[in-house]
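K.L.:
Here is the input, now give the coordinates:
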Amino acid sequence: MTAPERRRAGRPPEGQGAGRLRVRWLGQVRYRDAHALQHGLFTEGRDDWLLLLQHPPTYTMGVRADPTHVLVDPVSVGAELVTADRGGDVTFHGPGQLVGYPILSLPGKAGGRAGVKRGGGMADTVAYVRSVEQLLVDVLADLGLGGAGRLDGYPGVWVDPGGLRPRKIAAIGVRLSRGRSMHGFALNVSTDLSWFDHIVPCGIPDLGVTSLAAEGIDVSMRDVVDAVAARAEARWGGGAGERADTAWDRTVDHDQGVTGVPVELRARKPDWLRAPASMGPDYLRLKATMRELDLTTVCEEAGCPNIFDCWADGTATFMLNGERCTRACGFCLVDTRRPLEPDPDEPGRVAEAVARMGLRFVVLTAVARDDLADGGASGFAATVAALRARQPDVGVEVLIPDCKGDPDALQVIFDARPDVVNHNLETVARLQRTVRPSASYARSLAVLARARAAGLATKSGLMVGLGETVDELEGALADLHGVGVASVTIGQYLRPSAAHLPVARWWTPDELAHLKAVGEGFGIRHVEASPLTRSSYHAAEVLRRDLLPESAP
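P.N.:
Prediction:
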């Protein structure tokens, strides 16, 4: 049975069972990124997830919303307006509000994990909404707010629903398709309620909105997340769950490393981190070609230990859009001075170099160019086009920045139809803010989900040695598989200078072999894991071994 046939039959992909509930606290996430991530997990995954997050100020309109219920131009009050593929009318999402997106495979009979029925071949939407409402009622009681419940004829959760002044504390809008859920709930914790004055909340003009803070419940967002996670695990996870949180603050003691006691900078590296140099005539010829055409390879810039192996195998990684990056990640040695304008002749020179070098597989990467309107996407597209025109049979992987999550910019890259789209997750959820403060865990997963939805093979990479745990890495691998990633690289982080994040520990080859087995057990088709593995290491294997996934549905 093929992957699409398994999806249509409602069966999990090979290597992945029903699994437990995976709870993710993602911090603040733009609505468009959260939606792309949801869609990826909804389409590709078969585990159950609960995404918990906050949005920047956003008004969303359901498929049956009345546009007149938006009373002002959202831009005039600093908000975004989004049309959502869920039920319900217009509502608000913003700071101080906990948004929850359960992506669940609903059971085929009552008493299953989601506590809903299916009838007539379709998921019972009403029963599912009741399940979400009851979870929130229980959470509110846990937090000290009793008396919340349902109000006849009005979905959501209400305070004093049978009294003289019922007021909504949580909105609910869901989408169910093929027995799987998207969207969910928005619980007002300490939300500025004046945001609701600019709309007719949920299309209900004569009933008010409230929050935990307005009801006199002083509780932190973290406490609310903990309460929701516990209730969700009990209701939707059969009493068990796996949780990963992005950092709740940016505090880090760089002298002590990301976590624990760092490995001394001058400490002798283990033998397994030493790669033999092989500067034969082929290597020197390729190096001379790079200099003659004034091109930059990450292989050289990053001092990659695998350069001799990869160049001998007919693979090289070119860095586009200049050598200066607009971000300053804690692990990277790339120059962060003000970038220069992109060179319009660069795509042609890359194609010339590939022809001269006789390369069979090319990886194109780039610095982050947040100063450019498209984040540098057009440079990737132009170079792919130049390569295809010069050597149609060359394999092309693009290792891209997130382009700030801009769907239009990313689509420019996708439309160029590279063989593989690679975007590195880099590290586990908890360490994202420290390791790469200008990026985000959710956005990176969303980029990969968008590429997969465009029908492209996707790939990602993780570093170890920054203080992550085995459980956290296994959770990250589950998330990558959940959005359809076909190939993952995992390698040891090496500190490029004393100004960069320290190495917390050296991971052994056996430990990395375990992660390879875990990733492949989830269903990731190609996992390259060793101390010296880097993003482009054995990149051609994805094509050479016919490991590309089937086209996205």
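K.L.:
how many neighbours does the residue nearest to His69 when sequence neighbours are not counted have?
P.N.:
Spatial nearest neighbour of His69, chain neighbours left out: Val200 (3.9 Å); criterion: C-beta to C-beta, 6 or more residues apart in numbering. Glycine gets a C-beta too; all of them are placed from N, C-alpha and C. By other C-beta atoms under 10 Å, 18 other residues sit near Val200.
K.L.:
Contacts only, for Val200.
P.N.:
Taking C-beta atoms under 8 Å, 6 or more residues apart in numbering, we find Val200 in contact with 66, 69, 71, 89-90.
K.L.:
May I have the phi/psi pair for it?
P.N.:
Here is the backbone geometry of Val200 (degrees, to the nearest 10): phi -100, psi 100.
K.L.:
In terms of pLDDT, where does it sit?
P.N.:
Looking at Val200, its pLDDT stands at 94.
K.L.:
any idea which element Arg417 lies in?
P.N.:
Under DSSP states H and E, no helix or strand contains Arg417.
K.L.:
ditto for Leu26
P.N.:
Taking DSSP H and E as the criterion, Leu26 maps to strand 21-28.
K.L.:
low-confidence ranges in the stretch 301-450 of the chain?
P.N.:
301-315, 322, 324-337, 339 (pLDDT under 70).
K.L.:
To what extent is the residue nearest to Gly465 when sequence neighbours are not counted buried, counted in neighbours?
P.N.:
Once flanking residues are discounted, Gly465 sits nearest to Tyr493: 4.0 Å by C-beta to C-beta, 6+ apart. Using other C-beta under 10 Å, Tyr493 has 25 other residues around it.
K.L.:
again with Asn422
P.N.:
Asn422: 27 neighbours (other C-beta under 10 Å).
K.L.:
got it, and the one 5 residues further on?
P.N.:
A count of neighbours around Thr427, defined by other C-beta under 10 Å, yields 29.
K.L.:
Please look at it and Ala439 and confirm they touch.
P.N.:
No: taking contacts as C-beta atoms under 8 Å, Thr427 lies outside contact range of Ala439: 10.1 Å.
K.L.:
The residue nearest to His69 and Gly208, how far apart?
P.N.:
Applying C-beta to C-beta, to the nearest Å, the value for Val200 to Gly208 is 12 Å.
K.L.:
thinking again about what came up before, which of the contacts of Val200 tops the neighbour count?
P.N.:
Across the contacts of Val200, neighbour numbers were computed from other C-beta under 10 Å; Val90 holds the maximum, 24 neighbours.
K.L.:
correct me, but it touches Pro205?
P.N.:
No: using C-beta under 8 Å as the test, Val90 is too far from Pro205 to be in contact (11.7 Å).
K.L.:
Could you give the separation of the helix or strand where Ala186 lies from the chain centroid?
P.N.:
Assigned by DSSP H and E, Ala186 belongs to strand 180-188. With C-alpha atoms, centre = their mean, to the nearest Å as the basis, strand 180-188 stands 18 Å off its chain's centre.
K.L.:
what pLDDT, on average, does it get?
P.N.:
On average, strand 180-188 scores 95.
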